[in-house]
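A.B. asks: no sequence on this one, just coordinates:
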């Protein structure tokens, strides 16, 4: 705990020397922690949105076809080769686009209804 606190305080101090421990904590561990927290926040918000839209406390990505759309987008990216400027992010981006397209199509087909 002392090493973590000293590494975080050394980020503030401009004259501090960067040791290997400080570099590992600030350049590797801290970004992973931040991304993990942001991912958890995003997943919880999407879960809340799915449960609100379906009015079902047990809603999951399979209910509205989000998983199938993401799988279709990923397969499309793998088979077609994707876009060259996206590099290694081809498959995740196409999966996200496939998921978004599938949920939009499902919600457009269902329309607006006031009944549960």
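C.D. replies: Here it is on my side, so go on. All figures in this text were calculated on a predicted structure; none of them were measured in a lab. Numbers count the residues shown, from 1 in each chain.

A.B. asks: residues near residue 41, how many?
C.D. replies: Burial of residue 41 is recorded as 10 neighbouring residues (other Cβ atoms under 10 Å). To be clear about C-beta, it is placed using only N, CA and C from the backbone, and glycine gets the same treatment.

A.B. asks: Okay, and it sits in which element?
C.D. replies: Assigned by DSSP states H and E, residue 41 falls within helix 30-54.

A.B. asks: Pull out the buried residues from that helix.
C.D. replies: Using 16 or more other Cβ atoms under 10 Å as the test for burial, helix 30-54 gives residue 50.

A.B. asks: quick one: secondary structure of residue 24?
C.D. replies: Assigned with DSSP: H, G, I helix; E, B strand; the rest coil, residue 24 falls in the helix class.

A.B. asks: What about it, how many residues nearby?
C.D. replies: 13.

A.B. asks: Same check on residue 26?
C.D. replies: Residue 26, neighbours per other Cβ under 10 Å, totals 16.

A.B. asks: Quick one: residues contacting it.
C.D. replies: Residue 26 makes contacts with 7, 8, 10, 11, as judged by Cβ atoms under 8 Å, 6 or more residues apart in numbering.

A.B. asks: Buried subset of those residues as a PyMOL selection?
C.D. replies: Here is the PyMOL selection string for the buried members of these, based on 16+ other Cβ under 10 Å:
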select buried, resi 7+10
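
A.B. asks: pLDDT, distance to residue 31 and secondary structure added to the contacts of residue 26, as JSON lines?
C.D. replies: Shown next, in JSON lines, are the contacts of residue 26 (pLDDT from 0 to 100; distance: Cβ to Cβ, whole Å; DSSP: H, G, I helix; E, B strand; the rest coil):
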{"residue": "7", "pLDDT": "77", "distance to residue 31": "13", "secondary structure": "helix"}
{"residue": "8", "pLDDT": "74", "distance to residue 31": "13", "secondary structure": "helix"}
{"residue": "10", "pLDDT": "76", "distance to residue 31": "16", "secondary structure": "helix"}
{"residue": "11", "pLDDT": "73", "distance to residue 31": "12", "secondary structure": "helix"}
